[in-house]
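Visitor: Model the structure of this input:
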Amino acid sequence: MSDANDGFTPVVSKRKARRSKYVVREKTVEDHLQDLQEKADAFKGSVVYSTIIAHLDALIPENKQDLKEDITEGTQDDFPKEKKSDKEGQEEVNTEETKKDTKDDPKDDLDKKSDKDSNKESKEDLKEISQQTTQSQTPISIVRCLALGSPTDSHNAMYQLALLGLLLNHLGLPSSSVSCWDPVFTPADLKLFDRLGYTVSQTDPEEPQIAKPNTSATLYYVIHSPPLLTEKVLARANESSLRTVVIGNNLTTYTNHHSDAELSEKYPVLFKAIEDVDGNEESKYWEFRVIPDKLSKNEAWMTAVNDLAVYWEK
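Guide: Numbering: from 1, shown residues only. Coordinates of the predicted model:
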């Protein structure tokens, strides 16, 4: 019989040792941000993305406002810039102070200041004119992202989040304009949203305090939302005197899983919208633009943006 110290290792122990070498490291928020950026890079230049922004630009071309002060000037990254730590902010302040100290000619400083003040006044005048001309168009300034799913657990949800980031930058909207809600959000999702600067609503969007009218147009980003949520969004659009824009399901696809009788009984507002847009080029109540599935055929994000449409109430 083998002695206890003869070097023999039980088979079970060997198996455990092998498995311990392949322990999967838990992803960090930096990993998720990198994944998000890679998916955004994949979307850029795609036909489906170009089609969506073409419809949005046709709807409210004024939304690309170059004079908004709350948007970072210059070339933006694909996503709203992450919130900076106090240390990073202090380093930037120190850098700016160093630059100021290295200036040689006080006269140059005065000239630059004068030019800066003049440009600022011109910019303010242009901004005021821009606001006067776009106010009646109620440009989008609020984004509600609902029923997204868990981006850190789902590739489709991450692709949808990447597309949302690209749309925000195209429309010239800050990350603070976005609020998200989905009961399936995980702690990892919350960390990701926090780094992106998105607000996460803890209250069901069907509640009155979330449904109250806003002071400007709202974009609802509700891709692959269930019929009940779409019903609520459309009902809210009917109740509001302001424009509501929806990026969500092709409404006619709901008829693939629900009978007309069920839709008319459970989701009357949705059913009315389906009747209005189904095969009707001159719809009475809605402007409806379908994003053909063939635009994403064989793409990695195909199932993330299938059955998609952009629509708004007339």
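
Visitor: going forward, measure contacts between C-alpha atoms and count neighbours the same way
Guide: Fine.

Visitor: Quick check: Asp31 vs Val269, distance?
Guide: 41 Å (CA to CA, to the nearest Å).

Visitor: Compare the two (neighbour count), which wins?
Guide: Val269 (19 against 13; other CA atoms under 10 Å).

Visitor: Check whether the more buried one sits in a helix, strand or coil.
Guide: helix (DSSP: H, G, I helix; E, B strand; the rest coil).

Visitor: what about it, distance to Glu26?
Guide: Val269 is 44 Å from Glu26, by CA to CA.

Visitor: With Ala157 instead?
Guide: Taking CA to CA, one finds Ala157 at 19 Å from Glu26.

Visitor: More neighbours: those two, which one.
Guide: Neighbours were tallied for Ala157 and for Glu26 using other CA under 10 Å; the higher tally belongs to Ala157 (20 against 7).

Visitor: Find me the pLDDT at the closest residue to the more buried one other than its chain neighbours, would you?
Guide: Nearest residue to Ala157 in three dimensions, chain neighbours excluded: Pro151, at 4.6 Å (CA to CA, 6 or more residues apart in numbering). Per-residue confidence (pLDDT) for Pro151: 98.

Visitor: now the one 10 residues further on
Guide: Looking at Leu161, its pLDDT is 98.

Visitor: helix, strand or coil for it?
Guide: helix.

Visitor: Return the distance of the closest residue to it other than its chain neighbours relative to Tyr267.
Guide: Spatially, and ignoring its direct neighbours in sequence, Leu161 is nearest to Pro151 (7.1 Å; CA to CA, 6+ apart). Pro151 sits 28 Å away from Tyr267, going by CA to CA.

Visitor: Mind checking which of the two has more residues around it?
Guide: Neighbour count, other CA under 10 Å: between Pro151 and Tyr267, Pro151 has more, with 25 against 19.

Visitor: which SS state does the more buried one fall under?
Guide: Reduced to three states by three-state DSSP, Pro151 is coil.

Visitor: wait, is Glu30 part of a helix?
Guide: Yes. Under three-state DSSP, Glu30 sits within a helix.

Visitor: what number of residues lie near it?
Guide: 11.

Visitor: OK, contacts around it?
Guide: The contact partners of Glu30, taken as CA atoms under 8 Å, 6 or more residues apart in numbering, number zero.

Visitor: give me the low-pLDDT residue ranges for the protein?
Guide: For the chain, applying pLDDT under 70 flags the ranges 1-24, 60-138, 204-215, 241, 279-283.

Visitor: And the strands in it?
Guide: 140-146, 178-181, 199-200, 217-222, 244-249, 286-291, 308-313 (DSSP state E).

Visitor: Can you tell me the strand partners of the last one and which way each runs?
Guide: This points to strand 308-313. strand 244-249 (antiparallel), strand 286-291 (antiparallel) (DSSP bridges).

Visitor: do the fourth one as well
Guide: Take DSSP bridges as the rule and strand 217-222 pairs in its sheet with strand 140-146 (parallel), strand 244-249 (parallel).
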